[in-house]
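[1] curious how this folds, go ahead:
(2 chains)
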Amino acid sequence: MNNLLTISPSPHIHSDQSVKKIMYTVILALMPALVWSIFMFGFDAVRVILVSVVACVAVEYIIQRFIMKQEPQITDGSAVITGILLAFNVPSSLPCWIIIMGAIVAIGIGKMSFGGLGNNPFNPAILGRVFLLISFPAQMTTWPASLHSAVDATTTATPLAIIKHGIKSGQSIVDVLPNLPSKLDLLYGNMSGSLGEISAVMLLLGFLYLLSKKIITWHIPVFILATVFIFQGILCLANPSQFINPIFSLLTGGLLLGALFMATDMVTSPMSVRGQLIYGIGIGVITVLIRNFGSYPEGVSFAILIMNGFTPLINAHIKPKRFGGKK
Amino acid sequence: MLRTFKLGGIHPAGNKLSAGKPIEKLPLPKIVFIPIAQHIGAPAKPIVQPGDKVKVGQMIAQAGGFVSANIHSSVSGTVKKFAPAPDSGGYPKQCIVIEREGDEWEESILSKEENGDSLDAKTIIDRIKQAGIVGMGGATFPTHVKLMPPPGKIADILIINGVECEPYLTADHRLMLEKGEEIIKGVHLLMKALKVTKACIGIENNKKDAIKHLSELTSDDPEITIVPLKMKYPQGGEKQLINAITGREVPSGALPIETGAVVSNVGTTYAVYEAVLKYKPLFERVVTVTGKNLNKPSNFLVRIGTPIKDLIEAAGGSSLNGGKVICGGPMMGRAVNSTDIPVAKGTSGVLLMPESESKRGQEQDCIRCGRCVTVCPMGLEPYLLANVSSKKQWDIAEEHNVMDCIECGSCSYTCPANRPLLDHIRQGKKTVGGILRTRKMKKQ
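    Take a look at the predicted model:
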């Protein structure tokens, strides 16, 4: 009998959680929104998603293999997620070369420059998207009409853009409302916008799946959405002719996509519930401020990036509840 | 709603392969290696010489200080020599080696219990001390010392630990099912020793038959409450169990008596009954021998000092090629490098792990998922403690309460990136513990 024994310190068992499993479960959770985007935007959606994913994976592979001279980790699925999320944040008409530039910034700067998975302070997909928004504002704010749009036009404005434009030109909310899609349309995704942000239902489906698999917890999304609802609600109550009601706020723009899938990115969000509360409130407040008082119709991406920046400070000073500690 | 402790915790698969196996007496070993240090505190001092004839239950080593325990022979026969045998940590420890002849017990050990109603606290504690009883859940703290709280600290509740939260282990479960009446008598003896009138027996909900049995036995007893608990690891940890049953939190750096609670394992409680009412010293215990590739997972009544290879053989044996042999449970037990290790007072189980489950996963960079923070039952930040310990930043480790860690392993178990968090944290605890001791000595 061969008596060679293995020795290592305890514990000797491990849960079935792994980085790969987490990443692939997230990819699965993004599928409902992905399918909807193809339904709404057809071949263009396929093009954008494919180019984004392939570009992100390729940039990661090239940097890991030839610059960092490490074993490429592209099979862990994280670059694929960045690719999908980047695609979800752009219009379906975005030219391929711009998407590739976004991928280079997202993966190259947003991730690899800081040391790869786990070491980046900013959400890579959002970093890529904000870079594109600032560098190519025209292409990034031109939204093609969906294949099933009732309006017979090649491009339409997003609901938030309609509101911003209307208020700026002196109209009140009451005047603007008829131009907006109905709440039902907003809910299931019959509106104009970036690939992944349009359907609340599809995003929520994916989110519930992630919750059931215990990949993420409910805290960050709830803190963000509750803050937006309350803050926008206060503004709306104070001056209903200038500020849209909070239900519209929740269902329009990239708020749901951002709150459910991007602010919850583990690497760039705080690690304690108390920290996540501050993070969520911060994102909610900044989003409402930019949407209502800024020039941009949409503010979620900037809000998330700013709070990503505060995460290290939050982690260092907001400590979890200790057992037997001083209260 | 079942009670449980508030912070953290994990839910590993139970794998209680031996839960249905009644306790069997292991065939007596030919030779035993009885360690003189199988308890917290000073090692015991041998009082026998090679060549001496001894009986079962005869004292062979005396407590070496206030925090120490007597050691008794587990077999009758001849003392052969003093020799080192490896302990579960891998270090050779001094043992008294006895060759067995027959099975002759000390005459003072009663076969029928005597009536304990008239015994006072001092007598009870003295008999426990004489019998060399230590915490049999694994901590091996001398029980008589635990029953004498420091001046100013009063106990108001006795908690009996029937939780057995480690996967695979079933010794305490079987003991509660088969020796329930004796355990209840032991509880009353401990209550008298501590001068408390309230006792709670905490049992996890995966042992419904034990809960039912003990509830029936105590249905007319106003002083003892059976508390079923929601399954969660590490509920058997003293601090977590006190929190689950009473809601109290042991303050950082303090002992459980600070909250008025004293915790005792069911195995220890049974040993207390045998010691006080039958004058039987601690020389045998129930050990679970288990594992997925073991032929007959079992619960054996084993004499202290029996090499664990005897247990493995009695359980049907197994090819040990490349796998692990673990003394204890899979979360906090120690993987050993030899099956010559003797069973000691704190050995609750021998677990054989197949080779396919014995290798750690590939370590990756921390993805800052925060799961380790979520599962830590002490509310610490394992990723941070591991990080600074590996960088030898001992002041930061101390500042972030590394000494509060109970080494339960929940963090390493959960980490999706397979980071060896507990390895680093243990290093941090060892070093910071040394720094604190030095600082204390310098002050005096």
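
[2] relative to residue B:202, how far out is whatever residue of the stretch 1-150 of chain B ends up closest to chain A?
    Closest approach between the stretch 1-150 of chain B and chain A, counting by CB to the nearest CB: residue B:7, at 5.4 Å. In short, each C-beta sits where N, CA and C put it, glycine included. Computed with CB to CB, to the nearest Å, the distance linking residue B:7 and residue B:202 is 17 Å.

[3] more neighbours: which of the two?
    residue B:202 (25 against 19; other CB atoms under 10 Å in any protein chain shown).

[4] wait, residue B:103 touches residue B:56, no?
    Yes: taking CB atoms under 8 Å as the contact criterion, residue B:103 and residue B:56 are neighbours in contact, 6.5 Å apart.

[5] those two: who's more crowded?
    Between residue B:103 and residue B:56, counting by other CB under 10 Å, residue B:56 is the more crowded of the two (23 against 12).

[6] who's that one bridged to?
    Per DSSP bridges, the residues bridged to residue B:56 are residue B:105.

[7] so who does it touch?
    In this structure, residue B:56 makes contact with B:73-76, B:103-106, B:109, B:283, judged by CB atoms under 8 Å, 6 or more residues apart in numbering or on different chains.

[8] pick the one among the residues you listed closest to residue A:75.
    The shortest separation between residue A:75 and any of the contacts of residue B:56 is 55.1 Å, and it belongs to residue B:74 (by CB to CB).

[9] let me know whether the closest one touches residue B:284 as I believe.
    Yes: taking contacts as CB under 8 Å, residue B:74 lies within contact range of residue B:284: 6.0 Å.

[10] and the next helix or strand past the one helix or strand residue B:226 maps to?
    In this assignment (DSSP states H and E), residue B:226 forms part of strand B:224-229. Using DSSP H and E, the helix or strand that follows strand B:224-229 in sequence is helix B:238-246.

[11] next secondary structure after that following helix?
    Next helix or strand after helix B:238-246 toward the C-terminus (DSSP H and E): strand B:261-265.

[12] any residue of that following strand up close to chain A?
    No: using CB under 8 Å from any CB of the partner chain, no contact is recorded between strand B:261-265 and chain A, whose separation bottoms out at 13.0 Å.

[13] same for that strand, what does it pack against?
    The contact analysis (3 or more CB pairs under 8 Å, 6 or more residues apart in numbering or on different chains; DSSP states H and E) places strand B:261-265 against helix B:143-146, strand B:157-162, helix B:180-194, helix B:238-246.

[14] make it 10 Å
    Helices and strands touching strand B:261-265, as assessed by 3 or more CB pairs under 10 Å, 6 or more residues apart in numbering or on different chains; DSSP states H and E, comprise helix B:143-146, strand B:157-162, helix B:171-178, helix B:180-194, strand B:199-204, helix B:238-246, helix B:266-278.

[15] and chain A, which of these is closest to it?
    Closest approach to chain A among the helices and strands packed on strand B:261-265 is made by helix B:238-246 (6.8 Å; CB to the nearest CB).

[16] between strand B:199-204 and that closest one, find me the angle.
    Interaxial angle of helix B:238-246 relative to strand B:199-204 (axes from the mean of the first three to the mean of the last three CA atoms, to 10 degrees): 110 degrees.

[17] which helices and strands does helix B:238-246 pack with?
    Helix B:238-246 packs on strand B:157-162, strand B:199-204, strand B:224-229, strand B:261-265, going by 3+ CB pairs under 10 Å, 6+ apart.

[18] just want the angle from the last one to strand B:157-162.
    Per the same axes, to 10 degrees, the angle that strand B:261-265 makes with strand B:157-162 is 20 degrees.

[19] pairing partners for strand B:261-265, with directions?
    Counting by DSSP bridges, strand B:261-265 is paired with strand B:157-162 (parallel).

[20] and the strand it pairs with, C-alpha only, in CSV?
    Taking C-alpha atoms only, strand B:157-162 is exported to CSV below (Å, rounded to 0.1, in the frame of the first residue of the first chain):
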residue,chain,number,x,y,z
ILE,B,157,-25.8,30.0,32.6
LEU,B,158,-24.2,26.7,31.5
ILE,B,159,-24.3,25.9,27.8
ILE,B,160,-23.8,22.4,26.6
ASN,B,161,-22.3,22.2,23.1
GLY,B,162,-24.0,19.4,21.2
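
[21] per-residue confidence averaged over that strand?
    Confidence for strand B:157-162, expressed as mean pLDDT, is 96.

[22] any idea how far that strand is from the middle of the chain?
    Taking CA atoms, centre = their mean, to the nearest Å, one finds the center of strand B:157-162 at 14 Å from the center of the full chain.

[23] go on, stretch B:313-326?
    For stretch B:313-326, the separation from the chain centroid amounts to 22 Å (computed by CA atoms, centre = their mean).
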